[in-house]
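Undergrad: pasted the sequence and its predicted model underneath.
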Amino acid sequence: MAEQLSLLEQLAQATHCTYLSDLHRPGLRAAVLKAAQTLSQGDFSPREWSDAVSYITGNEQQFLSAQAAIDYLNKESR
C-alpha cells in the first residue's frame with residue numbers, strides 16, 4: 001500500500017513546485033489556495049493544516065478546521 005503524501009507534499013505537487021520551499025513564494029499563493037481548495041479537507045487534521053499554512057506564510061497560526069486555514073490562505077493571497 002502506498003503511503004499518502006503529506007499536505008505540504010500534495011500542495012507542492014499540485015502547484016508543480018520542485019521543492020517544498022517553493023511554497024514560500026508570495027507569487028504562488030493563489031495557486032496554493034486553489035490547490036488547497038481541491039483537496040479533501042478531512043484527509044488532514046487541523047494541526048496539519050495549521051502547520052502547512054504556518055510554513056507557507058511564515059506566520060505561526062493555529063486553526064480549528066481546514067476551512068479556517070483555507071480562509072486564512074485566501075486572505076493572505078490577496
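TA: Looks like it arrived, so ask away.
Undergrad: residues contacting the closest residue in space to Ile70 that isn't next to it in sequence?
TA: Nearest residue to Ile70, sequence neighbours excluded (C-beta to C-beta, 6 or more residues apart in numbering): Ala36, at 5.2 Å. C-beta: built from backbone N, CA, C; applies to glycine. By C-beta atoms under 8 Å, 6 or more residues apart in numbering, the contact list for Ala36 reads Leu11, Ala69, Ile70, Leu73.
Undergrad: distance to Ala31 added to those, as CSV?
TA: Converted to CSV, the contacts of Ala36 look like this (distance: C-beta to C-beta, whole Å):
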residue, distance to Ala31
Leu11, 9
Ala69, 16
Ile70, 14
Leu73, 11
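Undergrad: what are the ranges of the helices in the protein?
TA: Assigned by DSSP state H, the chain shows helices spanning 7-14, 29-38, 46-57, 66-76.
Undergrad: mind saving the C-alpha coords of the longest one as PDB?
TA: Read that as helix 46-57. Below are the C-alpha coordinates for helix 46-57, written out as PDB (Å, rounded to 0.1, in the frame of the first residue of the first chain):
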ATOM      1  CA  PRO A  46      -6.500  20.800  11.800                       C
ATOM      2  CA  ARG A  47      -3.000  20.600  13.200                       C
ATOM      3  CA  GLU A  48      -1.600  19.600   9.800                       C
ATOM      4  CA  TRP A  49      -3.500  22.400   8.100                       C
ATOM      5  CA  SER A  50      -2.100  24.800  10.800                       C
ATOM      6  CA  ASP A  51       1.400  23.600  10.300                       C
ATOM      7  CA  ALA A  52       1.100  23.800   6.500                       C
ATOM      8  CA  VAL A  53      -0.300  27.400   6.500                       C
ATOM      9  CA  SER A  54       2.400  28.500   9.000                       C
ATOM     10  CA  TYR A  55       5.100  27.000   6.800                       C
ATOM     11  CA  ILE A  56       3.700  28.600   3.600                       C
ATOM     12  CA  THR A  57       3.100  32.100   5.000                       C
END
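Undergrad: cheers, nothing more for now.
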